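here is my input, please return the structure:
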Amino acid sequence: MSAGSAGGGTRSKPQAVPGPGLPPALRVEGLRIRIDGRALVDDVSFTVAPGECVALVGESGAGKSLTVRALLGLLPEHATVSAAMLEVDGVDAVALPERGWRTLRGARIALVSQDALVSLDPLRRIGAEVAEPLEIHGSLPRAARDARVLELLTDVAMPDPVRRARQRPHELSGGLRQRALIASALAAGPVVLVADEPTTALDATVQARVLALLRRIADEGTAVVFVSHDMAAVRRVADRVVVLRDGRVVERGSASELLAAPKDAYTRELVLASTPTPRTPTVVDAPVLATVTAVGKSFDRPVLRDVSFDLRRARTLGVVGESGSGKTTLARVLLGVERADTGTVAWAGGGRPRIQLVHQNPLGAFDPRWTIGRSLREALAAGCVPRAQRAARAADLLREVGLDAALAARRPAALSGGQRQRAAIARALAAEPEVLVLDEPVSALDVTVRTRILALLDRLQRDRGLTMLLVSHDLGVIASVADDLLVMQDGAIVEQGLAAQVLGAPQHPFTRELLAASGPSV
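Predicted coordinates for the structure are as follows:
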């Protein structure tokens, strides 16, 4: 690969395809995976050529991650795998023993996973992480390895690679960690690169740069398998798309044709869910509930700088910006969890209203030992609901958020991501709040589940007259939900106003950058 910048933007033309007679780098035919007697992947087939990016898309449980783990020989021991063909760079991997997989992984096929912070060794410097595949699969002397590490970091557009090579993962941003992981995956020169949800947790601008980097890697001859539930990301990077549902292929085709005119109803649902619908304001002439004036907050550095805005009753205020922009700290100041160093938060009527938080990660927010019903009953007890009424009220809350009351008997781990987030919203509603603060409430959810959760929040707001503060890095989510909008950068508000006006005619360069990075769907 050659060094170069991986900026944002979408592809404008088809990219490199193999010449006549050149075999695919990856060939999968009739892949089947069974775990505990259940067929979780059933008759999946696809090929990926050098210079091509093929996207595997679908919701959680569709079989995407199991499929790519089979490509790397990383399935659990109790899984049963069969295939008419599973060929990686000409190597028959259908019955490959673990020793053979260890030779194949890294050298011919490599993985970039979703969570770079977990994938990278927290005790090891980035340079050592990138050098490891060179040590395992190569014979370069130490000095040549060090030079190759810097070359790889430069290739993935890592700023100041000499300094970054000496740092540990926690010292890098999410986007830089993901670049380091890609550099490590490319170190031994694999023919196939598997990217499993590599941009799910990244800001829009960082996501755009990582997607552009993956596209460039494909353009320079690597076969790329891109796993995602986000059709907007797929649109930016893929040549062809394979749509999975319940372990089976329901549609396949070129990215341009399939995304423009999907034939299968499930594919149409995925595409529609990735296309946000502009919000119709809940209340047009809404009174001010809170006035925030010149709020500042510092830890080891300024996190909020002279922040001023109004929060209006029964409306949704969206707060958008990159990681580190101060969004979550601002939410914590409104919640009263953090005290502002300077400035004021003045609530109408002089007292703080009932206010509740909905976390980004509901699995971490619930006590895993308790059933959902017990967690709801605890919240109702804190709201002074009599003991005799709590079970019935908990059932009512579950039904209000679209869940079966029978789920009260389950623990959080037994629920899907969407069900857990609905249960978290139900628990927040148990306190009869006037204000809901939602911190990235749908960032980890599939696009169709995300759409349903956002529709639920819209209905609850209209039914209950809730005021909501929604923190997100996703402008598609903001466009669908927010009435008003704050755009934050480096702890300061750089633009604010009605969401439709800010998104329709952004004035600040950073807002325009966010919109460009989010693509044409916003």
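
quick one: low-confidence ranges for the stretch 351-500 of the chain?
Scanning the stretch 351-500 of the chain for pLDDT under 70 picks out nothing.

so what's the closest residue in space to residue 173 that isn't next to it in sequence up against?
Among residues not flanking residue 173 along the chain, residue 323 sits closest, at 6.6 Å (Cβ to Cβ, 6 or more residues apart in numbering). For the C-beta atoms, the positions are set from N, CA and C on the backbone; glycine is no exception. By Cβ atoms under 8 Å, 6 or more residues apart in numbering, the residues touching residue 323 are 173-174, 203, 206, 473.

scan these and report the most crowded one.
Neighbour counts for those (other Cβ atoms under 10 Å) peak at residue 473, which has 24 neighbours.

grab the most central residue of the chain for me.
Central residue of the chain (Cα atoms, centre = their mean): residue 200, 2.2 Å from the mean position.

please name the nearest non-neighbouring residue to that residue.
Residue 200 sits nearest to residue 114 (Cβ to Cβ, 6+ apart), 5.6 Å away.

quick revisit: from the contacts of residue 323, which single one is nearest residue 126?
Using Cβ to Cβ, residue 173 comes nearest to residue 126 of the contacts of residue 323, at 12.4 Å.

got phi/psi on that closest one?
With angles defined as degrees, to the nearest 10, residue 173 sits at phi -70, psi 170.

surely it meets residue 209?
No - applying Cβ atoms under 8 Å as the test, residue 173 and residue 209 come out as separate, 11.3 Å apart.

which ones are touching residue 338?
297, 329, 332.

the second one: what secondary structure?
Put plainly, it is residue 329. helix (DSSP: H, G, I helix; E, B strand; the rest coil).

can I take it that the residue nearest to residue 173 is in a strand?
No - under three-state DSSP, residue 323 falls outside any strand and is assigned coil.

that older thread, turn the contacts of residue 323 into CSV, columns for secondary structure.
Output for the contacts of residue 323, formatted as CSV (three-state DSSP):
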residue, secondary structure
173, coil
174, helix
203, coil
206, helix
473, coil
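
any chance of CSV for the residues you listed, columns distance to residue 492?
Converted to CSV, the contacts of residue 323 look like this (distance: Cβ to Cβ, whole Å):
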residue, distance to residue 492
173, 19
174, 21
203, 17
206, 19
473, 17
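
which other residues reach stretch 453-465?
Outside stretch 453-465, the residues touching it (Cβ under 8 Å, 6+ apart) are 282, 313-314, 316, 400-402, 418, 421-422, 425, 429, 436, 438, 441-442, 445, 466, 468, 477, 480-481.

on that earlier part again, for the contacts of residue 338, which one is nearest residue 235?
residue 329 (33.0 Å).

for that closest one, which non-adjacent residue is closest in space?
residue 303 is the one closest to residue 329 (Cβ to Cβ, 6+ apart), at 4.8 Å.

next, the contact list for that neighbour, please.
The contact partners of residue 303, by Cβ under 8 Å, 6+ apart, come to 297, 326, 329, 491.

buried stuff in stretch 333-350?
For stretch 333-350, the neighbour count (16 or more other Cβ atoms under 10 Å) marks 333-335, 338, 340, 343, 345, 347 as buried.

just the terminal-to-terminal distance for that stretch.
End-to-end distance for stretch 333-350, by Cα to Cα, to the nearest Å: 16 Å.

any idea how far it is from the chain center?
Taking Cα atoms, centre = their mean, to the nearest Å, one finds the center of stretch 333-350 at 30 Å from the center of the full chain.

skipping adjacent residues, who's closest to residue 44 in space?
residue 31 (4.4 Å).

helices and strands around the helix or strand of the chain with the lowest mean pLDDT, which ones?
Ranked by mean pLDDT, DSSP states H and E, the weakest helix or strand in the chain is helix 116-119, scoring a mean of 77. Here helix 116-119 touches helix 174-186, going by 3 or more Cβ pairs under 8 Å, 6 or more residues apart in numbering; DSSP states H and E.

turn the contacts of residue 303 into CSV, including secondary structure, neighbour count and distance to residue 168.
Putting the contacts of residue 303 into CSV (DSSP: H, G, I helix; E, B strand; the rest coil; neighbours: other Cβ atoms under 10 Å; distance: Cβ to Cβ, whole Å) gives the following:
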residue, secondary structure, neighbour count, distance to residue 168
297, strand, 21, 27
326, coil, 23, 25
329, helix, 21, 24
491, coil, 22, 25
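
ok, so of those, who is nearest residue 353?
Sorting the contacts of residue 303 by how near they are to residue 353, with Cβ to Cβ, puts residue 329 at the top with 20.3 Å.

quick check: that closest one vs residue 126, distance?
27 Å (Cβ to Cβ, to the nearest Å).

one more: residue 161?
Residue 161 is 9 Å from residue 126, by Cβ to Cβ.

now do the shared contacts for these two.
Contact criterion Cβ under 8 Å, 6+ apart; residues shared by residue 161 and residue 126: residue 153.

neighbour-wise, which of these two wins?
Remark: of residue 161 and residue 126, residue 126 carries more neighbours, 29 against 24, as counted by other Cβ under 10 Å.
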